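Engineer: I'll drop the sequence and a predicted model, then ask my questions.
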Amino acid sequence: MAILGRDAGKAQAAAHALSNGAARATGCDVADAAQVETTIAAWEGDFGRIDVVVNNAGTTRDNLLFRIGEDDWDTVIDTQSEGRIPS
């Protein structure tokens, strides 16, 4: 089992709580495609393959569509679309 989270310390705490320390934890910002690709490649190297992925990455920048700034819009879209296994 592997746990990925933006905060490596929190990911490690979750891994320990879920598996008594047997799970691997990695810090990764899923809004950054390069970090995702690096992490997936490392996990494939360590585990041989990835059987199941649960993606619950998401963020919001609450505002009306016509009032949301471009940077906030990009953050929402990047976080919710980059947390995937590259093809």
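Structural biologist: Everything's here; your move.

Engineer: was I right about residue 3 contacting residue 22?
Structural biologist: No. Using Cβ atoms under 8 Å, residue 3 makes no contact with residue 22, being 10.9 Å away. Quick note: C-beta positions are derived from backbone N, CA and C, even for glycine.

Engineer: Which residues are in contact with each of these two?
Structural biologist: Common contact partners of residue 3 and residue 22 (Cβ atoms under 8 Å, 6 or more residues apart in numbering): residue 15.

Engineer: So for those two, which sits in the more crowded spot?
Structural biologist: Neighbours per residue (other Cβ atoms under 10 Å) separate residue 3 from residue 22, with residue 3 holding more: 19 against 9.

Engineer: Could you say whether that one sits in a helix, a strand or coil?
Structural biologist: Here residue 3 takes the strand state, with states given by DSSP: H, G, I helix; E, B strand; the rest coil.
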